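Chemist: sequence unknown, structure follows:
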């Protein structure tokens with residue numbers, strides 16, 4: 001794979017996935033380069049590398065006609081090329097967020113669920129939490145026991161206002177996994193090996209057991225079983241200032257688990273929030289039953305293998 005330009009910075013998680021399909025990834029700089037030099041660099045790379053090839057245009061600036069003509073001529077030789085937008089959706093299953101906030105074409109397919117899609121979602125919600133409760137109630141009782149044993153000075157449940165559909169706040173309920181007053185009045189990101197999390201809290205977070213009480217939020221219609229993770233208003237306001245289109249994730253109701261949660265670890269900064277948004281927007285844009293089932297399967301593997309962080 002040849003990547004021309006560096007508009008999108010691939011994360012280590014992206015590269016881990018891509019290296020399974022593309023053993024060799026070559027980057028060619030595009031910024032402030034003469035188009036003839038870029039074409040020459042592409043030719044040299046193609047001559048040196050054997051096998052099937054893909055060229056990715058990783059740039060936000062207009063591509064000169066000369067380069068477009070060259071790339072289309074390569075298609076006759078079986079060498080395909082994609083824009084970074086289409087590449088991310090096809091191979092990494094996430095939506096590209098351009099740095100230019102004036103490019104509104106990005107929003108065209110980010111829409112609320114249709115009436116039929118919403119009916120399907122609610123059927124999945126009720127069917128899912130019926131069986132989830134059926135199998136998990138003994139586990140939830142054990143969680144209550146362990147929380148009271150390891151952190152008796154605090155409540156069993158952790159209640160916090162989160163931002164839901166259309167930007168409206170609701171009270172999200174979870175099993176408490178941290179010591180009481182963990183934030184001391186100041187919002188903080190949770191991270192791996194967080195000292196505020198007690199021993200059983202670590203297990204609950206890795207297996208997502210702390211999310212089980214949110215079945216009540218689903219019954220009330222505030223959440224779905226699957227959807228973007230609900231975030232606090234404080235963080236939403238911070239992210240809106242620096243991440244284009246962040247509010248688009250609120251066109252649908254949040255979920256206990258989601259495409260971002262099974263593809264990316266807990267966020268610890270703005271860049272992590274942007275990466276998760278890319279997955280959330282892909283989910284909203286490409287929603288279908290098969291994607292829903294895939295998330296259920298990947299969530300189950302996360303719980304069984306304790307891969308959450």
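Modeler: Happy to help now that I have it. Remember, predicted model here, so these are calculated numbers, not experimental data.
Chemist: contact partners of the lowest-mean-pLDDT helix or strand in the chain?
Modeler: None of the helices or strands of the chain scores lower by mean pLDDT, DSSP states H and E than helix 289-305, at a mean of 87. With contacts defined as C-beta atoms under 8 Å, 6 or more residues apart in numbering, helix 289-305 is touched by 120, 124, 128, 207-209, 226, 257-259, 261-263, 283, 307-308. C-beta here means a position set from N, CA and C on the backbone, and glycine is covered the same way.
Chemist: Check the gap between the residue most central in space within the chain and residue 117 for me.
Modeler: Central residue of the chain (C-alpha atoms, centre = their mean): residue 260, 2.4 Å from the mean position. Distance, residue 260 to residue 117, using C-beta to C-beta, to the nearest Å: 19 Å.
Chemist: again with residue 123
Modeler: From residue 123 across to residue 117, the span is 11 Å (C-beta to C-beta).
Chemist: Looking at the two, which is more packed in?
Modeler: The neighbour comparison of residue 123 against residue 117 (other C-beta atoms under 10 Å) goes to residue 117, with 15 against 10.
Chemist: Going along the chain, name the strands of the stretch 201-309 of the chain.
Modeler: Residue ranges of the strands in the stretch 201-309 of the chain, as given by DSSP state E, counting those that start in this stretch, are 224-226, 255-257.
Chemist: TSV please, covering those and showing mean pLDDT.
Modeler: Compiled in TSV, the strands of the stretch 201-309 of the chain are given as follows (pLDDT from 0 to 100):
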stretch	mean pLDDT
strand 224-226	96
strand 255-257	94
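Chemist: Could you work out which of these reaches nearest to residue 90?
Modeler: The closest of those to residue 90 is strand 224-226. By C-beta to C-beta, the value is 21.9 Å.
Chemist: Adjacent strands (with direction) for the closest one?
Modeler: Using DSSP bridges, the strands paired with strand 224-226 are strand 255-257 (parallel).
Chemist: State the pLDDT value of residue 190.
Modeler: Note on residue 190: pLDDT of 66.
Chemist: sorry, back to before: with respect to residue 140, which of the strands of the stretch 201-309 of the chain lies nearest?
Modeler: Among these, the nearest to residue 140 by C-beta to C-beta is strand 255-257 (13.6 Å).
Chemist: Please state the offset of that closest one from the chain centre?
Modeler: What separates the centre of strand 255-257 from the centre of its chain is 12 Å, taken as C-alpha atoms, centre = their mean, to the nearest Å.
Chemist: For it, give me every contacting residue.
Modeler: By C-beta under 8 Å, 6+ apart, the residues outside strand 255-257 that reach it are 208, 211, 214-215, 218, 223-229, 295-296, 299.
Chemist: rerun at 6 Å
Modeler: For strand 255-257, the external contacting residues (C-beta atoms under 6 Å, 6 or more residues apart in numbering) are 211, 214, 223-227, 299.
Chemist: Then stretch 205-222?
Modeler: 125, 129, 136, 140, 143, 164, 170, 173-175, 177, 204, 223, 256, 303, 306, 308.
Chemist: I'd like to know which of those are buried.
Modeler: Neighbour-count burial (16 or more other C-beta atoms under 10 Å) applied to the contacts of stretch 205-222 gives 125, 129, 136, 143, 164, 170, 173-175, 177, 204, 223, 256, 308.
Chemist: Out of these, the closest to residue 243 would be?
Modeler: Nearest to residue 243 among the buried ones among the contacts of stretch 205-222: residue 164, at 18.6 Å, using C-beta to C-beta.
Chemist: got the contact list for the closest one?
Modeler: So residue 164 contacts 170, 222, 253-254 (C-beta under 6 Å, 6+ apart).
Chemist: Columns distance to residue 46 on top of those residues, output as CSV?
Modeler: Listed next are the contacts of residue 164 as CSV, based on distance: C-beta to C-beta, whole Å:
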residue, distance to residue 46
170, 54
222, 53
253, 48
254, 46
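Chemist: Filter those residues down to the buried ones and hand me the PyMOL line.
Modeler: Those of the contacts of residue 164 that count as buried under 16+ other C-beta under 10 Å are selected in PyMOL with:
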select buried, resi 170+222+253+254
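Chemist: Can I get the contacts of residue 164 in CSV including pLDDT and distance to residue 156?
Modeler: Shown next, in CSV, are the contacts of residue 164 (pLDDT from 0 to 100; distance: C-beta to C-beta, whole Å):
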residue, pLDDT, distance to residue 156
170, 97, 20
222, 97, 20
253, 97, 25
254, 97, 22
